[in-house]
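In: this is a predicted model, with the sequence first.
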Amino acid sequence: MQVVIRNYSGKGAKELFDVLEKNKADVESLIRTVKGMVSYTLARSRDGGFSVTVCQDQAGIEESVQKARDWIAKNAAHTGASAPQVSSATVIAHLR
C-alpha cells in the first residue's frame, strides 16, 4: 500500500478548509471513486489542514492527488491557497 499526505498551510489555507468542510459530502464522494482507495482522512489544523490518503498502489495515489487538485481548482481557487506540501511513502502498518 501507498500513502500520500497533502498539508495545506499559509495564505488561504483556513479558507480552503472552510470550503472543504462545507462540501464534505462532495469531497467524500469524489475520493471514493479513486481506484484502490483504502482510506481517506481530511483534518483541520490551526493553520489550515491536511489530508491522508491510503491506496493499494501508486496509481491510486496519483489519481487521488489529481482529483484533489482538480476539485480545488474548480471549487476553491478563490481562496488563494498555496499548493500543498505533498509527502508520499510506502505503508509499513495500517490499522483499522
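Out: In hand now; what should we look at?

In: leaving out sequence neighbours, find the closest residue to Gln85.
Out: Asn7 (4.5 Å; CB to CB, 6 or more residues apart in numbering). Quick note: C-beta positions are derived from backbone N, CA and C, even for glycine.

In: that neighbour: what secondary structure?
Out: Assigned with DSSP: H, G, I helix; E, B strand; the rest coil, Asn7 falls in the strand class.

In: and it, what are its bridge partners?
Out: Beta-bridge partners for Asn7, by DSSP bridges, are Phe50, Gln85.

In: that one contacts Phe50, correct?
Out: Yes: using CB atoms under 8 Å, Asn7 is in contact with Phe50, at 4.4 Å.

In: got any residues that touch both of these two?
Out: Listed as contacting both Asn7 and Phe50 by CB atoms under 8 Å, 6 or more residues apart in numbering are Pro84.

In: of the two, which one has the most company?
Out: Neighbours per residue, other CB atoms under 10 Å: of Asn7 and Phe50, the larger number sits with Phe50, 19 against 16.

In: noted, bye for now.
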